[in-house]
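Student: Sequence and predicted structure, then a few things I'm wondering about:
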Amino acid sequence: MSHRTYTPSRFAPEVDLDLSKNEGNPATLNLSQSTQWPDELIRRYPDTTALRDQLADFHKVRLEQILVTAGGDDALFRCFLARLGPGATAVATTPTFEMIPIYSNQVGSELVEIEWWGGQFPTTLFVSAAAGADAVFVVSPNNPTGATITEAELREVSKGAGLVVLDAAYSEFADDDLTPAALDMGNVVVVRTLSKAYGLAGLRVGFLLGPVDLIQELSSYGSPYPVSSLSAAIASERLRQSNDVATFVGEIRSERTDLGELFDELGVETLPSEGNFILAETKNAEWVTDACAALGVGVRGFPGREILDSWVRITLPGEPDQFARLARTLTTVLAPEALLFDLDGVLVDVSESYRRSIIETAASFGVAVSAGDIERAKSNGGANDDWDLTRRLISERGKQLAYEDVAARFEEIYQGHADTPGLKQNERPLVDPSTWSRLAGAMPLGVVTGRPRAEAEEVLDRFGLLTRTSVLVAREDAPFKPDPAPVRLAMSRLAVDHAWLVGDTPDDIAAAKSAGVLPIGIGVSGAARTLDRTTDIEELLP
């Protein structure tokens, strides 16, 4: 049996809106006793009786029908430990919650998986597979698809099975809660959690509901004290302050509809969902997750899970401003209205022109500057003005010069004069006119550069790129990158809200991100994708 492990999704610190983990309600909990917890609560082993009382009262069951667990994961694993092992068989749908196949592998049982993406539950196939199985697992709403089983379908499953485990972690967001009906079936236990609708994912508080005999059996597996005293106490406080849950759930359902409609507009297929998430099929799931992350929004891809390799799952934030940001991000990634490009190092090879001009300008003032010095300065950011960069490199070596003097010498060397050709003759295009025309046929193209306008127009015209360039933002128009102003100006002139920018320096990447534009890198990190060549951008376009 292959070894399967769970790898939590991880994003760079720049991701400040993580919608990859199905975490729940962001409401603030007023912990009035947070600094007054009794010493006995800390010193004694945990007692979850008070919390179980609240849960039993809410679900209208006996206290003995509740087992508090370390999140829903612990509840599931107890079922595997109790009924499954080498030689035993479990049945589940696929795709489904990834811990089910992982736990099956860990205890050495065989797992029979019945495909179910949505719509009617595959009752006939599932019941046939469940005959003689030691335990069956149904997740409803299913994670990651959001599909649900009906009461009648669950009842059919329960008739021919031994232990039936209904993972109802997302039931608050569904049209129907099957928990009461499931508890009347005799052989069904229900997994619930306070991580989603109640927003307590960090506390790891879940619980099992079921017949007394099954709860007693499952309580003998796993840790005898799965939840800390503080977690149980905070969970009890949260249950007493749960007036916001219905409002949050309503917001999630509204966002679910809105996100589905947005994906329809973007031409992206989604599955009907009753969870707090939507599963969307994309041409390149890895690209979508990386691109969203570059704009600070985490969405969930499924690397290593072949059945889901083209899908991404997106948690609904339940907060209007965050949802608006999510919508902007997805539209930018999946439906850009324009492509923006830096000029030097992206459209034109300036290694023997602009970069060489820095070296020769410094040398004309008796200062040695190397290509490595320039690269280090560029990689540190704040170096979009090559005239100023030259002056700074000279200054670092102990010689103070006026900006105007350095700029004049730089231009003399770059432009040349009557008897001496300028270094600009060494420039080479990095994009040919046919590729540029092809890109322009897909959407408007803009150039955002720190060069003077006349120089930028001259070089674009020299290489046959000017006529298909819709907008040029140059030195005279806005502050230098990393200020987002020139990027925003280009978008304003193009009358677009969603764009990508291809750049080769940290300044380009920072300016794009600050402007809400997707950054694509040429030999620079921190972008949604780093390309070897500018022309590779065609492979990423929708």
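Tutor: Thanks, I have it.
Student: What is the burial count for the closest residue to Leu343 other than its chain neighbours?
Tutor: The shortest distance from Leu343 to any non-neighbouring residue, by C-beta to C-beta, 6 or more residues apart in numbering, is to Thr449 (3.8 Å). C-beta: built from backbone N, CA, C; applies to glycine. When neighbours are counted by other C-beta atoms under 10 Å, Thr449 registers 26.
Student: Settle this for me: Thr449 is touching Glu476, isn't it.
Tutor: No - assessed by C-beta atoms under 8 Å, Thr449 is found out of contact with Glu476, at 10.8 Å.
Student: Now that we're looking at the residue nearest to Leu343, what pLDDT does it have?
Tutor: Turning to Thr449, the model gives it a pLDDT of 96.
Student: same check, this time on the one 10 residues further on
Tutor: Confidence per residue is given as pLDDT, and for Val459 that number is 96.
Student: ok so, going back, ok, the residue nearest to Leu343 - contacts?
Tutor: For Thr449, the contacting residues are 342-344, 456, 472-475, taking C-beta atoms under 8 Å, 6 or more residues apart in numbering as the criterion.
Student: Can you tell me how far it is from Gly345?
Tutor: Between Thr449 and Gly345 the distance, using C-beta to C-beta, to the nearest Å, works out to 10 Å.
Student: Enumerate every residue touching Arg256.
Tutor: Here Arg256 is in contact with 173, 273, 276, 278, 316 (C-beta under 8 Å, 6+ apart).
Student: now the last one, nearest residue through space, not along the chain?
Tutor: Distances taken as C-beta to C-beta, 6+ apart put Glu255 closest to Leu316, at 4.3 Å, once the chain neighbours are dropped.
Student: check which helix or strand covers that neighbour.
Tutor: With secondary structure defined by DSSP states H and E, Glu255 is part of helix 245-266.
Student: quick check, distance from that helix to the centre of its chain.
Tutor: How far helix 245-266 lies from its chain's middle: 18 Å, per C-alpha atoms, centre = their mean, to the nearest Å.
Student: Next: stretch 491-505.
Tutor: Centroid separation between stretch 491-505 and its chain, computed with C-alpha atoms, centre = their mean, is 22 Å.
Student: what does stretch 533-542 give?
Tutor: Average the C-alpha atoms of stretch 533-542, do the same for its chain, and the two points are 22 Å apart (C-alpha atoms, centre = their mean).
Student: ok, residues contacting that stretch?
Tutor: Contact partners of stretch 533-542, identified using C-beta under 8 Å, 6+ apart, comprise 283-284, 287, 334-336, 339, 341, 346-347, 430-431, 435, 438-439, 442, 500, 502, 520, 522, 529, 531.
Student: Using CSV, write down the CA coordinates of the helix or strand hosting Ile394.
Tutor: If you go by DSSP H and E, Ile394 is part of helix 386-396. What follows is the C-alpha trace of helix 386-396 in CSV, where atoms were taken according to Å, rounded to 0.1, in the frame of the first residue of the first chain:
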residue,chain,number,x,y,z
ASP,A,386,19.8,54.6,-13.8
TRP,A,387,21.1,58.1,-13.7
ASP,A,388,20.6,58.2,-9.9
LEU,A,389,21.9,54.7,-9.5
THR,A,390,25.1,55.7,-11.3
ARG,A,391,25.5,58.7,-9.0
ARG,A,392,24.9,56.5,-5.9
LEU,A,393,27.4,53.9,-7.0
ILE,A,394,30.0,56.6,-7.5
SER,A,395,29.1,58.2,-4.1
GLU,A,396,29.6,54.8,-2.4
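Student: if we look at that helix, which residues are touching it?
Tutor: Helix 386-396 is touched from outside by 344, 354, 357-358, 361-362, 365, 367, 369, 373-374, 377-378, 383, 401, 403, 406-407, 410, 450, with contacts defined as C-beta under 8 Å, 6+ apart.
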